[in-house]
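Peer 1: how would this look folded up:
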Amino acid sequence: MPARVVPTTDPPSIGAETDYQRTLERAQLEEWYAGFLHEVLAARSAGEVRQQHLDLTALHRERAGELGEIAEEDGAPVVARQAVYAIPGGTLDEQAAAELPTLLAQGLLIDHIALVGAAPFERRPLPIAAALQEAEQLAPLVDRMEPLPSLEVEQPPPAQG
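Peer 2: Take a look at the predicted model:
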């Protein structure tokens, strides 16, 4: 017989809660930022490309709002949408505009994978779905997808002989 009552789950640590809140805050900020930049890219585009950027703007803003609701429920900082954000490099020439969707998808993929690792189990569905969506966006934009640093398989050291 146990000498004390054994909890069914580990109590959350202060460090784990801080990591979760910090990661949740960053994911909100990056989603708002991605929504803004896709809106900028839509303004520079026409036709189907413009609509794709507008659809991504709506997706990122919806995710940011959902993350904000989670943050509010969990006592984490809620990041408000800003009217304007800084454009990388100050201006957006054709080359930078062409590279931006790849950079945004890569950053969001990493942010959401980090959030999956830091979030309690019941909060993981949204970042898992977001990470998969970002991977789908990223796949046709790059020749090769490198393993994420936290998921890269470590190679055993060479045998000494």
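Peer 1: now the helices for the chain?
Peer 2: For the chain, the helices defined by DSSP state H occupy 14-43, 47-74, 94-118, 125-138.
Peer 1: so which of those helices is nearest Pro88?
Peer 2: The closest of those to Pro88 is helix 94-118. By Cβ to Cβ, the value is 6.4 Å. Using the backbone N, CA and C atoms, a C-beta is placed for each residue, glycine as well.
Peer 1: returning to what we had before: and of the helices of the chain, who's closest to Arg144?
Peer 2: Closest among the helices of the chain, using Cβ to Cβ: helix 125-138, at 10.9 Å.
Peer 1: let me see the mean pLDDT of that closest one.
Peer 2: Taken as a whole, helix 125-138 has a mean pLDDT of 94.
Peer 1: go through that helix and flag the buried ones.
Peer 2: Neighbour-count burial for helix 125-138 flags 126-127, 130-131, 133-135, 137-138 (criterion: 16 or more other Cβ atoms under 10 Å).
Peer 1: hmm, who's touching that helix?
Peer 2: With contacts defined as Cβ atoms under 8 Å, 6 or more residues apart in numbering, helix 125-138 is touched by 27, 56, 59, 63, 66-67, 70, 101-102, 105-106, 108-109, 112-113, 115-116, 119, 145.
Peer 1: so how do I select the buried members of the residues you listed in ChimeraX?
Peer 2: This is the ChimeraX syntax for the buried subset of the contacts of helix 125-138, where burial follows 16+ other Cβ under 10 Å:
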select :27,56,59,63,67,70,101,105,106,108,109,112,113,115,116,119
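Peer 1: send the alpha carbons of stretch 90-98 over as CSV?
Peer 2: Extracted C-alpha coordinates of stretch 90-98, given in CSV (Å, rounded to 0.1, in the frame of the first residue of the first chain):
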residue,chain,number,x,y,z
GLY,A,90,11.9,47.9,-44.5
THR,A,91,10.8,47.5,-48.1
LEU,A,92,9.5,44.5,-50.1
ASP,A,93,11.2,44.2,-53.5
GLU,A,94,10.2,41.4,-55.9
GLN,A,95,12.8,39.0,-54.6
ALA,A,96,11.9,39.5,-50.9
ALA,A,97,8.2,39.2,-51.8
ALA,A,98,8.8,35.9,-53.6
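Peer 1: kind regards, and thank you for your time.
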